[in-house]
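Asker: Sequence first, then the predicted structure:
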Amino acid sequence: INSLWLPRNVNRGRRRYACMKNPRALFLFIILLSISAVFINIPQSISFKDFNKEIKFNPNYLVQKLHLGKEIVYKEGLDLKGGVSLTFKAEVEKLPSAERDQALESAKTVIERRINLFGVSEPLIQTAKVNNDSRIIVELPGVTDVNQAIGLIGATAQLTFWEPAASVSADLIASGEYPINADISGVGPLKKTDLSGSDLSSSAVTFDQNTGSPVVQLKFDSDGKKKFGEITKRNLQKPVAIVLDNLIITAPNVNEAILTGDAVISGGFTQEQAKSLSTQLNAGALPVPLTVLEQHVIGPTLGLESLKKSLVAGAIGFITIVVFMVFLYKRLGVIASIALVMYTLFNLAIFKLSSLTPFGITLTLAGIAGLILSIGMAVDANILIFERIKEEMRHGKSRSTAIELGFSHAWTSIRDSNVSTLITCLILYTFGTGVIRGFALVLAIGVVVSMFSAITVTRTFLRVFYKS
């Protein structure tokens, strides 16, 4: 058995030594990668107490030259940037059981469209079921007006058009009053037409040429154009009420038939009100009513303070790990600490570069906790490797041979532990919500980068510095 095993082992050792003879190319690649990570992580400015400095040489300068249209920035979550967190209950009880999940997802889609049209950056919208309640959780970083957020999201935006009933006399129509924001059920004599918001092609905010006040312009699709033309034809010199969520917005008299499919809602809006209404109409109507269960407002000051404390905690943990590694493993610990610095730079660069993609990583306090935890896991891999190296050297192996055998023997343990962690992250991300998913995503990225740091970066450094 030994005579059969030894040649394979010798050949394997020869391959290892062949790899050791030329590690410089990989070493230079790692150095270039580290320099790139440092460049990506350069901030646009530095502020410390009374000291403020703008940094002109930063990655966004390159982005502007390449015309990518985006900035390379860290995407901050609600708990860091501040904003509004809302939990809605979707009233799906009246729907058949088979249609409830679809209605909930449709409501989520409509909310996403509304928020995107309104211009809120990095929103988090997700569905959940708690005690048989169907819920939609919405987090809006940077938004401070909770009532505005509730109005934007929770309004059902059901647009309808009402005309005078055929049996009503002209005198009664002429004397009728249709007050703004009055409930349509208490106003008569009107009947609902077959024209609704589903016949809209688009909506936009414009300004009245006479008064300069904001108005909402409606454009109907081909079917809506025909319906609106018929309604205006049969209601000349009569009012047609435009109703949103059963409340009258405006009820103008029809002076002539409108066959172009264009209409204007002029309800004495402010510019923000007109924009909000136009956004709701463009996004469509909610398929189910929503009621607010919880609402939280997080100020940016609280988020900034939490970020500072988290960074201080991370710095203390990082320095403690470096001191421990250097004290216990001497020169090996120094190399591991350098690899740990590179590991941190690589992680931060990945987080920042993700802002250029549609699936950018949003940093939260839980995500920072995941990053700090992954730093400890990266050191754990180095400890396994170094202990294996020391064990091989105690058995009489040379330093270079002990390094190669130490990495080889420690790899299976590192692989299995990291794979089990990645499986846990996948479960947390799949079934978790909110900050749990952020924690799982950041931890998973950290685990993958830590494997690269321990197996590739640390090994290459040891091969270069201990080649003899």
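Answerer: Arrived safely, thanks for sending. Quick caveat: nothing in here was measured; it's all calculated off a predicted structure.

Asker: Where does pLDDT dip in the stretch 1-150 of the chain?
Answerer: Filtered on pLDDT under 70, the stretch 1-150 of the chain yields the residue ranges 1-22, 45, 47-51, 61-70, 117-122.

Asker: likewise the stretch 251-400 of the chain?
Answerer: Using pLDDT under 70, the stretch 251-400 of the chain drops low at 267, 283-285, 300-303, 358-359.

Asker: how about the strands in it?
Answerer: Counting by DSSP state E, counting those that start in this stretch, one finds strands in the stretch 251-400 of the chain at the ranges 262-265, 290-298, 362-363.

Asker: looking at those strands, which is buried most?
Answerer: Mean neighbour count (mean count of other Cβ atoms under 10 Å) peaks for strand 362-363 among those, with a mean of 24. C-beta: built from backbone N, CA, C; applies to glycine.

Asker: Output the contacting helices and strands for that one.
Answerer: Helices and strands touching strand 362-363, by 3 or more Cβ pairs under 8 Å, 6 or more residues apart in numbering; DSSP states H and E, are strand 75-76, helix 435-452.

Asker: who's in contact with stretch 360-375?
Answerer: For stretch 360-375, contacts defined as Cβ atoms under 8 Å, 6 or more residues apart in numbering pick out 74-80, 122, 124, 306-307, 310-311, 313-314, 317-318, 321, 340, 343-344, 347, 350-351, 354, 435-436, 438-443, 445-447, 449-450.

Asker: now those: which count as buried?
Answerer: If you count burial by 16 or more other Cβ atoms under 10 Å, the buried members of the contacts of stretch 360-375 come out as 74-80, 122, 124, 306-307, 310, 314, 318, 321, 340, 343-344, 347, 350-351, 354, 435, 438-443, 445-447, 449-450.

Asker: picking up where we left off before, output the strands of the stretch 251-400 of the chain as TSV; include the columns distance to residue 198.
Answerer: TSV is the format used below for the strands of the stretch 251-400 of the chain (distance: least, Cβ to Cβ, whole Å):
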stretch	distance to residue 198
strand 262-265	15
strand 290-298	19
strand 362-363	34
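
Asker: Tell me which of those strands lies nearest to residue 145.
Answerer: Comparing the strands of the stretch 251-400 of the chain by their distance to residue 145 (Cβ to Cβ), the top pick is strand 290-298, with 8.8 Å.

Asker: quick one: strands adjacent to the closest one?
Answerer: Each strand paired with strand 290-298, and its direction, by DSSP bridges: strand 83-90 (antiparallel).

Asker: sorry, back to before: and of the helices and strands packed on strand 362-363, who's closest to residue 181?
Answerer: Comparing those by their distance to residue 181 (Cβ to Cβ), the top pick is strand 75-76, with 38.1 Å.

Asker: And the next helix or strand past the closest one?
Answerer: Using DSSP states H and E, the next helix or strand after strand 75-76 towards the C-terminus is helix 78-81.

Asker: Which other helices and strands does that following helix contact?
Answerer: For helix 78-81, the packing partners by 3+ Cβ pairs under 8 Å, 6+ apart are strand 133-141, helix 300-329.

Asker: and the shortest one, which strands flank it?
Answerer: Partner strands and pairing direction for strand 133-141 (DSSP bridges) are strand 83-90 (antiparallel), strand 124-130 (antiparallel).

Asker: Format those as TSV; extra columns: distance to residue 220.
Answerer: Below are those laid out as TSV (distance: least, Cβ to Cβ, whole Å):
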stretch	distance to residue 220
strand 83-90	29
strand 124-130	29
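
Asker: any idea which of the ones you listed is most buried?
Answerer: Most buried among the strands paired with strand 133-141, counting by mean count of other Cβ under 10 Å: strand 83-90, with a mean of 23.

Asker: From the contact counts, what lies against the helix or strand that that one is followed by?
Answerer: Following strand 83-90 in sequence order, the next helix or strand is helix 97-118 (DSSP H and E). Contacts defined by 3+ Cβ pairs under 8 Å, 6+ apart place helix 97-118 against strand 83-90, strand 124-130, strand 133-141, helix 146-154, helix 271-283.

Asker: ok, back up a step: any chance of the helices and strands packed on helix 78-81 in JSON lines with distance to residue 368 as columns?
Answerer: Listed next are those as JSON lines, based on distance: least, Cβ to Cβ, whole Å:
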{"stretch": "strand 133-141", "distance to residue 368": "15"}
{"stretch": "helix 300-329", "distance to residue 368": "5"}
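
Asker: Using the neighbour-count criterion, name the buried positions in the biggest helix by length in the chain.
Answerer: Determined from DSSP state H, the single longest helix within the chain is helix 399-431. Judged by neighbour count using 16+ other Cβ under 10 Å, the buried positions of helix 399-431 are 400-407, 409-411, 414, 418, 421-422, 425, 428-429.

Asker: Equivalent analysis for stretch 386-402, please.
Answerer: 386, 388-389, 392-393, 397, 400-402.

Asker: which one among these gets closest to residue 137?
Answerer: residue 386 (44.8 Å).

Asker: ok, that closest one to residue 335 distance?
Answerer: 10 Å (Cβ to Cβ, to the nearest Å).

Asker: Same check on residue 275?
Answerer: Taking Cβ to Cβ, one finds residue 275 at 58 Å from residue 335.

Asker: Give me the more crowded residue out of the two.
Answerer: Neighbour comparison, residue 275 and residue 335: the larger count goes to residue 335, with 24 against 19 (by other Cβ atoms under 10 Å).

Asker: element containing the closest residue to the more buried one other than its chain neighbours?
Answerer: Excluding the flanking residues, the one nearest residue 335 by Cβ to Cβ, 6 or more residues apart in numbering is residue 461, at 4.9 Å. Element membership for residue 461, per DSSP H and E: helix 459-465.

Asker: Buried residues in that helix, which are they?
Answerer: Buried positions in helix 459-465, judged by neighbour count with 16+ other Cβ under 10 Å: 459-464.

Asker: Stretch 199-210 too?
Answerer: 199-200, 203, 205.

Asker: Over to stretch 249-264?
Answerer: 249-251, 254, 258, 261, 263.
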